[in-house]
Structures are given as C-alpha cells and as structure tokens.
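**Q** I would like to see how this sequence folds:
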Amino acid sequence: MALRAPHSACNVLSTSSFFRTSQQLRVTRNINASLLRYSATSAQRKIQYAPPQTGLLSLLPRSAVPYAELIRLDKPAGTYYLFLPCLFSTLLAAPFASPIAPPSTVLATSALFFTGALVMRGAGCTVNDLWDRNLDPHVARTRLRPIARRAITPFNALVYLGGQLSLGLAVLLQFPVSCFFYATPSLLFVTIYPLAKRVTNYPQFVLGLTFSWGAIVGFPALGIDLLSNTPALISAACLYSSCVAWTMVYDMIYAYQDIRDDVKVGIKSIALAQQKNAKLFMSAVSALQVALLAGAGVAIGASPVYFVGTCGGAATTLAYMIQKVDLTNVKDCGAWFRRGAWFTGGAIAAGLAGEYVTRYLGDEES
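**A** Presented below is the predicted three-dimensional model:
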C-alpha cells in the first residue's frame, strides 16, 4: 500500500514551491529591468560628441569650440535674461537723471550693459560647470558639456574664468565709479548659486538674486545715487524684486527639461518641489511680479503708458506662456524658456521705453 503525505504536508510543499517560484520571477524581473536600464545607459553613453557643423561655433577654430560651448555662446537666451534687468533699470532711471538722460546716453549705457551681460553670463556658466562637473555626466542634457566630457580640464576652466572676470571688470570700469560698489556684491550670488541646487528646493530664488542685479545698477550708471533718492530707491527695489520673481518663473520652466535626471542625481529645484501644482505656483509668482512692477511705477509717479505697457504687457504675456507651456514636453519647455525673454522681457522693455519717451518729449517741450 503506497504511503501518501498528509494533506497539510502537501499544502506546505505547495506553498513553499509557490514562494520559490514567485521569488524567482521577482529576481528575473529585477534582472531584466537592470539589463534594460544598463542597455539604455550604455546606448546613451555610445552617443559621441560631434563638433558643430552649422552656426556660429562651426566658424571657430576646433580648439576654441569647447571654450565657446562653455560660455554658451551659441545659446544666447541666458545673456538676454541677464541683460534685460539692466535695460529695465536704465529706462526706468533715465527720467530721474538731471537733466533727463538723452536717447544717445540711454543707448550707449544699454550697449555697455549688454557687453557686460555677455561676458558675465559666460563667467557664470563656467562657475556653474565647475561646480557641476561630477553631476553633469549623469544628466542627458548636460553630459556633453566641455568639462563634463573632459574637453576642458578644471584647471584650464579656472584660468579661462580668470580671463572672463578680468574682462568683466574692464567693462564695469567704463561706468561711473559708484557702479563698482553696487555691482560687485552680485559675485557672491554667482558663486553660491550652483551650491544652492544641492541644499534648497528653491535655487531659482538664488538665481533670481543673481540675474536680477542689473535692475539696481542702471540707476548709478546714469549718475543717480539710490541712497539719497528715496523714490528711486523704492522703485529700484520693486523692479529688482519683480525680476527675481520673473526669474523663478522662467527658470522653473527651464528646470522641467531635466526633472527626471535631477531626481536621480539629487539636484533640487522648484520644478520638483512644486510639481503637483506647478502652474498655480507660477501664476501666483507672476501675479507678484506684476504687482511689484506696479509698485515701481507708483514710486516714480509713472503715467498710464507705463502701467498699460509694462504691467499690462507683463501680465498678458506671462498668462499666455503659463497657459500654453507643456511642462511634460522637454522641447516645449526649452522653447518657452527662450520665448519668455522676447515676450515678457520685450513687453516690459516696450512699456518702459514708452514711459521714457513720453517724459523725454514732455521735458523738451517744457
């Protein structure tokens, strides 16, 4: 007579077999997932750097291309964003000058600011890439940057940075002496911004403190002492704060390009902190920006031209951008980041220019 295992023993054996099979399936799935990740990473690493064949960089000597890439010479949006607060403050300050600054002075000052923005934006990129040289290789969009791909050594980048800062100082010395004391504190923010990405969820605020500094310097550039002119000081403070808010909005859109990689490597940003209510957050910050622009106008007794052009233009373009941008689409985020300089920046500048021209013509008639 054959012996049969008790029913309970069969259950134990079946259960044990089930768990072994389940465990094997989980291990298999994990191995497959790891292989897929490895394959994706390997495929990504196999994509080699290709020297530019078109555009400005293709015209440069091969040895100069990495240095041009380091300062983002072929990506001017950052330069525009650094220049625009300088332009805003120059146009806002011009009517305060005594006598009112003529158009030739406004244009010459603006051109000098643009030169400085071009140089210092490049210096900021160099500082940023030095800080991020161990992070950039792990982010899809930044892994082929010159320092990340080892086309430029950190030492050579530091030497290059010294040259950029020297050139920036040469530009700064073309302004009135007081500008030196107003402008140099911004170097602190230029240095610490890359660190902010590691310690706070709101590094865009620190970037705003950096990129918006020109909103203050336009006043001393035209000979206006902010410390002895209360309306000008209040107006400059409001303009600066509004530019900080604007930076938070456009750089939040920019940060959405890297949001997946940022999670992996531990980079912090508003895009991650406010992911669940991103557009609501951007709308609130944009409303604050417009309110601060209005405050800048009230402080100087601006005409309706300012409020309709500058405040109305900013509100309209910001609302349109926030509504249209697809934060889940990397290319769309990049496109709207670039458009923002022309849309919102252009609207604010046009309103300020209209206010300046109105006051200048009125001053000539009187």
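
**Q** Now tell me which helix or strand of this protein has the poorest mean pLDDT.
**A** The weakest-scoring helix or strand in the chain, judged by mean pLDDT, DSSP states H and E, is helix 7-46 (a mean of 43).

**Q** Over to the closest residue to Ser269 other than its chain neighbours. Which of the three states is it?
**A** Spatially, and ignoring its direct neighbours in sequence, Ser269 is nearest to Ala255 (4.3 Å; Cβ to Cβ, 6 or more residues apart in numbering). Yep, even glycine has a C-beta here, placed from its N, CA and C like the rest. Secondary structure, DSSP: H, G, I helix; E, B strand; the rest coil: Ala255 is helix.

**Q** Please tell me I have it right and Ala255 contacts Asp262.
**A** Yes - the pair Ala255 / Asp262 is scored as a contact, 7.3 Å apart, by Cβ atoms under 8 Å.

**Q** of these two, who's got more company?
**A** Higher neighbour count among Ala255 and Asp262: Ala255, with 23 against 20, using other Cβ atoms under 10 Å.

**Q** Now do the more buried one against Gly301, distance only.
**A** 38 Å (Cβ to Cβ, to the nearest Å).

**Q** can you check Asp332 too?
**A** Using Cβ to Cβ, Asp332 is found at 41 Å from Gly301.

**Q** between the two, which one's more packed in?
**A** Neighbour totals were compared for Asp332 and Gly301, and Asp332 leads with 16 against 10 (other Cβ under 10 Å).

**Q** Name all residues that make contact with the more buried one.
**A** By Cβ atoms under 8 Å, 6 or more residues apart in numbering, the residues touching Asp332 are 325-326.

**Q** How about the secondary structure of Asn134?
**A** coil.

**Q** Now it: phi and psi?
**A** Here is the backbone geometry of Asn134 (degrees, to the nearest 10): phi -90, psi -10.

**Q** Report pLDDT for it.
**A** pLDDT recorded at Asn134 is 90.

**Q** same question, Ala353
**A** In this model, Ala353 is scored at 97, pLDDT.

**Q** Over to Tyr81?
**A** For Tyr81, the pLDDT comes out at 97.

**Q** same check, this time on Val217
**A** Each residue has a pLDDT score; the one for Val217 is 97.

**Q** State the distance from it to Phe88.
**A** 11 Å.

**Q** Then Ala140?
**A** Distance of Ala140 to Phe88, given as Cβ to Cβ: 34 Å.

**Q** what residues are up against the residue nearest to Ser269?
**A** Ala255 neighbours (Cβ under 8 Å, 6+ apart): 204, 262, 269-272.

**Q** ok, it to Lys197 distance?
**A** 10 Å.

**Q** ditto for Ala245
**A** 19 Å.

**Q** got it, and Ala140?
**A** As judged by Cβ to Cβ, Ala140 and Lys197 stand 17 Å apart.

**Q** same deal with Gln289?
**A** Applying Cβ to Cβ, the value for Gln289 to Lys197 is 22 Å.

**Q** The two: which has the busier surroundings?
**A** Remark: of Gln289 and Lys197, Gln289 carries more neighbours, 25 against 22, as counted by other Cβ under 10 Å.

**Q** Any stretches of the stretch 251-366 of the chain with poor pLDDT?
**A** For the stretch 251-366 of the chain, applying pLDDT under 70 flags the ranges 364-366.

**Q** in it, which spans are helices?
**A** Using DSSP state H, counting those that start in this stretch, the helices found in the stretch 251-366 of the chain span residues 259-265, 270-273, 278-300, 304-306, 313-324, 330-365.

**Q** Can you add distance to Ala232 and give the ones you listed back as JSON lines?
**A** JSON lines is the format used below for those (distance: least, Cβ to Cβ, whole Å):
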{"stretch": "helix 259-265", "distance to Ala232": "40"}
{"stretch": "helix 270-273", "distance to Ala232": "31"}
{"stretch": "helix 278-300", "distance to Ala232": "7"}
{"stretch": "helix 304-306", "distance to Ala232": "15"}
{"stretch": "helix 313-324", "distance to Ala232": "21"}
{"stretch": "helix 330-365", "distance to Ala232": "14"}
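
**Q** List of residues touching stretch 101-117?
**A** 79-80, 82-83, 86-87, 90-91, 93-95, 97, 168, 171-172, 174-175, 214, 217-218, 221-222, 356, 360.

**Q** So which of those residues are in helices?
**A** 79-80, 82-83, 86-87, 90-91, 93, 168, 171-172, 214, 217-218, 221, 356, 360 (DSSP state H).

**Q** thinking again about what came up before, find residues that contact each of Ala255 and Asp262.
**A** Shared contacts of Ala255 and Asp262, counting by Cβ under 8 Å, 6+ apart, come down to 269, 271-272.
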